[in-house]
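[1] Quick one, structure for this:
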Amino acid sequence: MQLEQVSKVAVIGAGSMGAGIAQVCSQAGFQVSMRDVEPRFVEAGFRRIRDPLAKRVERGKMTQSELDAVLARIKGTVDLKDAVRGAQVVIEAIFEKMEVKRELFGELDAVAPPDVVFASNTSSLSVTEIASATKRADRVVGMHFFNPAPVMKLVEVIRGSETSDATTAFAKGLAIRLGKEPVEVKESPGFVVNRLLVPMMNEAFNLLMEGVATAGDIDKAMKLGTNMPMGPFELADYTGLDIGLDVMEVLHRETGDPKFRPSPLLRKYVRAGRLGRKSGRGVYDYAGTA
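    Residues are numbered from 1 along each chain as shown. The predicted structure follows:
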């Protein structure tokens, strides 16, 4: 598949990452299908795209016609075959669970033409293992976007053991077409960003558990001392504590390194349903905030 042949992108998953990726693809001029398993999830994906853009229109940062054009290029569907019909590339952005991703990629392999490139937005899982569920392992690649996808510039392009040079170059070129900056990564647990970020976030929970400092002061220390735009707890609440825990568990299982063993406090928060902003409470309380 050549990049100049791409006119349509299928995005599988309409959650915060899937909707963001769909928006990015539409804004780059591609036709987009955004698929999820229920109509209410698809509509929620459209709200995730529409509401922030509507605020940009209100502030004069975007015209209503530009917003309408972005939405017009995206078609929502619950039918997988309909989603991939006419698409030259499929970007998966569903739950960070290997068995779910492998099942999906097997289904995709059965309905998509053999030259279609499959990309996974996985943040920590093995692209090689995902690709083994298909008969096109050479055309399966990781494209790890960062949240919020319309804003964050980085895309980690991850090579599985069978990913071809051509597929890697295709994914890097697509990232550039989407206005992103690709970084090529050989498959390794957590890739680059999470491999570095997760131990820091995990240790922040240990510091809080040990009573070394308050959550607010730990965040303040990292923002003022290292020039981070968000403290570790602000970031954890933004991305979702359950997502962070999933990534830590993958890293700990894959490497056996104790630095990736999830903090007991993080586990406790997730078990209590304190998942961050999306649940209204994580490390911090967001009750009453918009």
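[2] thought Val198 was touching Glu249?
    No. Here Val198 does not reach Glu249: they are 10.2 Å apart, not a contact under Cβ atoms under 8 Å. Just so you know, the C-beta spots here come from the backbone N, C-alpha and C atoms, and that holds for glycine as well.
[3] who has more neighbours, those two?
    Val198 (23 against 16; other Cβ atoms under 10 Å).
[4] Surely the more buried one is in a strand?
    No. When classified by DSSP: H, G, I helix; E, B strand; the rest coil, Val198 is found to be helix rather than part of a strand.
[5] check contacts around Leu197.
    By Cβ atoms under 8 Å, 6 or more residues apart in numbering, no residues touch Leu197.
[6] where does it sit relative to Tyr238, distance-wise?
    To Tyr238, Leu197 is 13 Å away according to Cβ to Cβ, to the nearest Å.
[7] likewise Glu156?
    From Glu156 to Tyr238 the distance is 19 Å (Cβ to Cβ).
[8] Name the residue in these two with the higher neighbour count.
    Glu156 (21 against 14).
[9] Just the element for the more buried one, please.
    strand 154-159 (DSSP states H and E).
[10] Identify the neighbouring strands of that strand in the sheet and state each direction.
    strand 140-145 (antiparallel), strand 181-186 (parallel) (DSSP bridges).
[11] Identify each buried residue in it, please.
    155-159 (16 or more other Cβ atoms under 10 Å).
[12] Give me the contacts around that strand.
    Against strand 154-159 from outside (Cβ under 8 Å, 6+ apart): 122, 127, 141-146, 168, 171-172, 175, 178, 180-187, 191-193.
[13] Drop the exposed ones from those and show what's left.
    The buried subset of these - by 16+ other Cβ under 10 Å - is 122, 127, 141-146, 168, 171-172, 175, 178, 180, 182-183, 185, 187, 191-192.
[14] can you confirm Gly76 is in a strand?
    Yes. Per three-state DSSP, Gly76 lies within a strand segment.
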